[in-house]
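Chemist: My questions are about this predicted structure, shown below with the sequence.
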Amino acid sequence: MHYSYNVQMPLKLLDEANFWKRQEHEHTVVIREIVPDLERKFVEELKDWETALIKTHNQIVQLTEAVVRSGNAVPAALADDVLRLISFCLEQSGRFVQHLFEILNLSPATKQNPVAINVIRHIIRESEYFIGIAQTICNT
């Protein structure tokens, strides 16, 4: 990844990650609500995702505060921390998308719910958008 050490780039990345991790967290709840008969296995996995995404979101908030406190120049070690967290966020979103495809493909309750299918596909596109936008920002 190409990366600028000025304060704008880390904040831009963290801002995107902050928004999308909150979205992904909310999406775990949406899926459980629109598929009330979702199989227990998938309900539990979505709850696990909810917990993991909240944890990641909290890390983003903490790192954002550190970057803001650093002033106009982000120390190299802090910039490296941002890159590591953003890389993790991208990987996590990719795994989240894979899990959503599993739900679409393996959940009988979801297969019988056309609204849920459309919503989950939309959620997948949103997470894929985050992956693409974060990669684009990192490469500018």
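Modeler: Okay, I see it.
Chemist: distance of the residue most central in space within the chain from Arg40?
Modeler: In the chain, the C-alpha nearest the mean C-alpha coordinate belongs to Lys21, at 3.7 Å (CA atoms, centre = their mean). In this structure, Lys21 lies at 25 Å from Arg40, with CB to CB, to the nearest Å as the measure. For every residue, glycine as well, the C-beta is placed using N, CA and C.
Chemist: Is Lys47 in contact with Val29, as I believe?
Modeler: No - contact between Lys47 and Val29 fails when scored by CB atoms under 8 Å: they sit 9.4 Å apart.
Chemist: so is Gly71 in a helix, a strand, or just coil?
Modeler: Secondary structure state of Gly71, per DSSP: H, G, I helix; E, B strand; the rest coil, is coil.
Chemist: How many residues are close by it?
Modeler: Gly71: 9 surrounding residues under other CB atoms under 10 Å.
Chemist: Sort out which residues of stretch 104-124 are buried, please.
Modeler: For stretch 104-124, burial by neighbour count (16 or more other CB atoms under 10 Å) applies to 107, 110, 113, 116-117, 119-120, 123-124.
Chemist: Please apply the same query to stretch 38-52.
Modeler: Under the neighbour-count criterion of 16+ other CB under 10 Å, stretch 38-52 has 38, 42-43, 45-46, 49-50, 52 buried.
Chemist: Next: stretch 132-140.
Modeler: By 16+ other CB under 10 Å, the buried positions in stretch 132-140 come out as 134, 137-138.
Chemist: Quick one, grab the pLDDT at Thr140.
Modeler: Thr140 is assigned a pLDDT of 56 by the prediction.
Chemist: same deal with Met1?
Modeler: pLDDT for Met1: 37.
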